[in-house]
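Novice: sequence and computational prediction follow.
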Amino acid sequence: HESSLTHQHQSSVCPTRALTHVIISNSTIATIDSIHMKRSNMMTIPVCCWMGLMLSFGRGGSGAATKPNFVILFVDDWGWGDLGANWNAASGFTPHLDAVAAEGIRFTDFHVGASVCSVSRAALLTGRLGVRTGVVHNFAVDSVAGLPRGEHTLAELLKPAGYRTGIAGKWHLGTTPGFHPTYRGFDVYTGLPYSCDMGCTDTGGFDTESSRKCPRQPGPFTKDYNLALPLYASTLNCSGGGGAPGGNGSCNGDIVQAPVNFSTLSDRYATFATEFIANVSVDPAPFLLYMPFSHIHTPQYVAPRNSGRSGKTGAAGHFYDTLLELDETVGAIMAALKASGVDDNTLVLVTGDNGPWEVKCALSGSAGPFLGTWQKREGGGGSSSKTTLWEGGHREVGLARWPGKITPRVSNATVSSLDFVPTLLSLAGVSMPTDRVFDGIDISTVLLSGDDSAGHSTLFHPNSGSSGVDGKLDAVRWNHGDKQWKAIYQTGGAPDCTGSKGNVTTHSPPLLFELGGDPAEATALDVTQPEYAAVVTSIEALLATQMHSVNTTLQSVVNYNVSISDEPCAHFPKSCRTSTTPSPPPGPPHPQPMCTAGSWFNNTIPWEKTNPQPPFQNPISAASAAACCAACSAKADLGCAYWTWLSSGDSCYLKTSVTMGNSRSAPGVTCGSIYPVR
């Protein structure tokens, strides 16, 4: 029998005489001359309607999904001027990215939802500013939570529409069960839980600070950054998650390297992406691939083949070597789309989380013409890029490519990473949730019809850590007529290469700039003049309306608490945090070849075990202390190497260290961290 869709096409579109049909499944597109059909969910479609169907859904390879695929390439600490197509200084260092720009839209006025890591990532994935999601500053290594569970990620919203979802790279929105990427709509994940400077490695990388190499000897140590930077590989939820958020457990069992090997990390990301894309030959479902790269954040690193590739020396050489490696990875992803036959049915979006990190000097990139000159001259110096409200902090590279759908061009539309959620949901045919307000808009007509007027007339930019109240909307962009007005209420506080933070100043009335004639934000206009006073009045009315919306609609609250028991730790050598000198009692014994409770346990000190499992008790008893050592010492096949005292601040605790043969998990190992109760 024929579906109602078929009958509708026959009666309203196709001539009565055109009754020839092809058979397809409702999840697979097939070419007329080579039908690939499944035996279930069949429907017949008149041949005369076939070309219309193909034009409606885009052209993919044999077996390609009808809904479009989405690839989001999200670079860390990437300046607007770090793309050759944008700025001559980067010319020759981004050939693959420049090709994406040439084959699609290159936005000149693209912005992100904040100018710092976690906040910008939350904005992209939810389409909402931090004043709504609660994410107003970065999450820590030992954060107990992350992006609130009540906030919907793009991946969570696309999953019910049949999308495969994958992420490779820097997450920085929570590592514990419930907040790990595979709890937030992603089927598979490989990458770092946070920035690549938030842990030590054996390779170190290049940074302006002291070496971040992990210590070689068992602790305690007299240096920071002793928690090894972990690399995760996760599928649904995580191996130790214990199910629901708030339950016992962790995602530590999914750590496959600790510390991560920087020299192979970019290749891991490229392999993950190419395999994920190639899987369309097995699973033709549409896909979302989110690639939040670790590059070009410091410490910077490259594979040996890319060391010195830029031809530059010193810190600039490290930066441009890294930029070239980033571009190389992008090239591999674009090649995979073509090789898998899905290039023509895939929208690729490219941007970064925030502008360059000026305090890193020559290891940071370029904001191009967006210099924040007022800060440098009138504001006492300091940075005008990452973490600030200046254009160099939130104006980013913006590219969109979709062969056959997007006409290559340069666009001056004012658009934002906040727009990704509403736009991709629209293109996927998914309804937006109606229980909340989104700050992004659907820019489909900008992308597909070339209508630059369909961008934003107003954008709100939050404080992102330099000064002022985190998350407060202290900068407003207003396009009115042919003018691009911007008001800034808070300046200063972010260090530049010299360490100067400038003067931390709250401005009332705000500084006012006209970006069309002054992209460097060099000259603040005299807001006592009637023309400019009227602009400020209009901007303040827009801000008041925005804050009314924020305060009268759904808002989430973030748990920013930290706990050492929630830091990623794989129980690898050099993996768990150590610090400086342990605080007595008790005094630190030398590392022991075998763990004996008598060497450390004292009944006069109350002890507790994190997430105790039998035979442990909480607080620890003499019997359970002995059981801990017995369990560790008995696991010779796991290489129980030593036990030692470690400390963090004034909390001395015992850490039994094992070397696991299986890096994923080791069932039956009950040793871990035991803390004296203060």
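Specialist: Perfect, I can see it now.
Novice: so how far is stretch 474-483 from its chain's centroid?
Specialist: 28 Å (CA atoms, centre = their mean, to the nearest Å).
Novice: now the strands for the stretch 401-550 of the chain?
Specialist: Using DSSP state E, counting those that start in this stretch, the strands of the stretch 401-550 of the chain run over residues 409-416, 458-462, 473-480, 483-491, 505-514.
Novice: stretch 166-183 - what's its average pLDDT?
Specialist: Averaging pLDDT along stretch 166-183 gives 95.
Novice: mind listing what the nearest residue to R377 once chain neighbours are set aside touches?
Specialist: Closest residue in space to R377, ignoring its immediate chain neighbours: A522 at 7.4 Å, by CB to CB, 6 or more residues apart in numbering. (C-beta placed from N, C-alpha, C; glycine too.) Residues in contact with A522 (CB atoms under 8 Å, 6 or more residues apart in numbering) are L371, T373, W374, R377.
Novice: whichever of those end up buried, select them in PyMOL.
Specialist: This is the PyMOL syntax for the buried subset of the contacts of A522, where burial follows 16 or more other CB atoms under 10 Å:
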select buried, resi 371+373+374
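Novice: host element of I277?
Specialist: helix 262-278 (DSSP states H and E).
Novice: on that earlier part again, of the contacts of A522, which is the nearest to W402?
Specialist: Nearest to W402 among those is L371, at 32.9 Å by CB to CB.
Novice: would you check that that closest one makes contact with S385?
Specialist: No: between L371 and S385 there is no contact under CB atoms under 8 Å: 9.2 Å.
Novice: pull up the overlap in contacts between those two.
Specialist: Common neighbours of L371 and S385 (CB under 8 Å, 6+ apart) are G392.
Novice: ok so, going back, tell me the most buried of the strands of the stretch 401-550 of the chain?
Specialist: Of all the strands of the stretch 401-550 of the chain, strand 458-462 carries the top mean neighbour count, a mean of 23, counting by mean count of other CB atoms under 10 Å.
Novice: paired strands for that one, with orientation please.
Specialist: Sheet pairing of strand 458-462 (DSSP bridges) gives strand 473-480 (antiparallel).
Novice: tell me the confidence at the residue nearest to R377?
Specialist: In this model, A522 is scored at 98, pLDDT.
Novice: which among the strands of the stretch 401-550 of the chain is found nearest to G314?
Specialist: Taking the strands of the stretch 401-550 of the chain one by one with CB to CB, strand 483-491 is closest: 31.4 Å.
Novice: pull that closest one out as PDB, backbone CA atoms only.
Specialist: Extracted as PDB, the C-alpha positions of strand 483-491 are listed here (Å, rounded to 0.1, in the frame of the first residue of the first chain):
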ATOM      1  CA  LYS A 483      25.400  53.000  12.700                       C
ATOM      2  CA  GLN A 484      26.900  50.200  14.900                       C
ATOM      3  CA  TRP A 485      26.700  51.600  18.400                       C
ATOM      4  CA  LYS A 486      28.300  49.900  21.400                       C
ATOM      5  CA  ALA A 487      28.100  50.900  25.100                       C
ATOM      6  CA  ILE A 488      30.600  49.600  27.700                       C
ATOM      7  CA  TYR A 489      29.900  49.900  31.400                       C
ATOM      8  CA  GLN A 490      33.000  48.100  32.800                       C
ATOM      9  CA  THR A 491      36.600  48.200  31.800                       C
END
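Novice: mean pLDDT and distance to Y163 added to the strands of the stretch 401-550 of the chain, as a markdown table?
Specialist: Shown next, in a markdown table, are the strands of the stretch 401-550 of the chain (pLDDT from 0 to 100; distance: least, CB to CB, whole Å):
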| stretch | mean pLDDT | distance to Y163 |
| --- | --- | --- |
| strand 409-416 | 98 | 22 |
| strand 458-462 | 98 | 28 |
| strand 473-480 | 98 | 32 |
| strand 483-491 | 98 | 36 |
| strand 505-514 | 98 | 41 |
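Novice: out of the ones you listed, which is closest to H137?
Specialist: Using CB to CB, the nearest of these to H137 is strand 458-462, at 10.0 Å.
Novice: so how far is that closest one off the chain centroid?
Specialist: 20 Å.
Novice: who's in contact with that strand?
Specialist: Residues contacting strand 458-462 (CB under 8 Å, 6+ apart): 111, 113-115, 119, 129-131, 136, 389, 394, 414, 416, 439, 470-479, 542-543, 546.
Novice: so where is the protein shaky, pLDDT-wise?
Specialist: Along the chain, segments meeting pLDDT under 70 span 1-65, 209-211, 215-226, 239-249, 570-596, 599-600, 602, 605-606, 608-616, 628-678.
Novice: longest helix in it, please.
Specialist: Ordering each helix of the chain by length in residues (DSSP state H) puts helix 314-339 first.
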